[in-house]
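Asker: okay, structure incoming, though there's no sequence with it:
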């Protein structure tokens, strides 16, 4: 389904939010899942509509952009070696230290809504967030995704 292309990063080293987003967007483009304009779309949208969420115990971001930049629906995942600052969703004046990024590359509005709802349920579960942060390889991530119904 959405995580099947294995666009995943464990302990990703990023200097800041833009660096993390660029690395993830480039991996989606390199896999021919998104257009060349996807990265620019992600960066621009993040400036206008921030996606940082201050949840415990790890800040999370769910960057996304327009469906016309997506060839094949996918979600890229990154756990960061060190948190980076994202502007908080709904309040661009506040920052949140983000350690987990779920980059959405989805084509259908209904997929986006359903996926966002499921992710929000996960983000409210501190134990699950801790498990996502603890994943150190693809096998661990896939087992966790399967268990939470996101494979």
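Answerer: Yep, it's here. Quick caveat, the model's predicted, so the values are computed rather than measured.

Asker: now the residue nearest the centre of the chain, what's its secondary structure?
Answerer: The C-alpha lying nearest the average C-alpha coordinate of the chain belongs to residue 102 (C-alpha atoms, centre = their mean; 1.5 Å). Classification of residue 102 by DSSP: H, G, I helix; E, B strand; the rest coil places it in strand.

Asker: with adjacent residues omitted, what lies nearest to it?
Answerer: Nearest in space to residue 102, with sequence neighbours left out and distances taken as C-beta to C-beta, 6 or more residues apart in numbering, is residue 62 at 5.1 Å. Any C-beta I mention is one placed from the backbone N, CA and C, and that applies to glycine too.

Asker: again, but for residue 5
Answerer: residue 74 (5.2 Å).

Asker: tell me what that neighbour is bridged to.
Answerer: Here residue 74 sits in beta bridges with residue 105, as judged by DSSP bridges.
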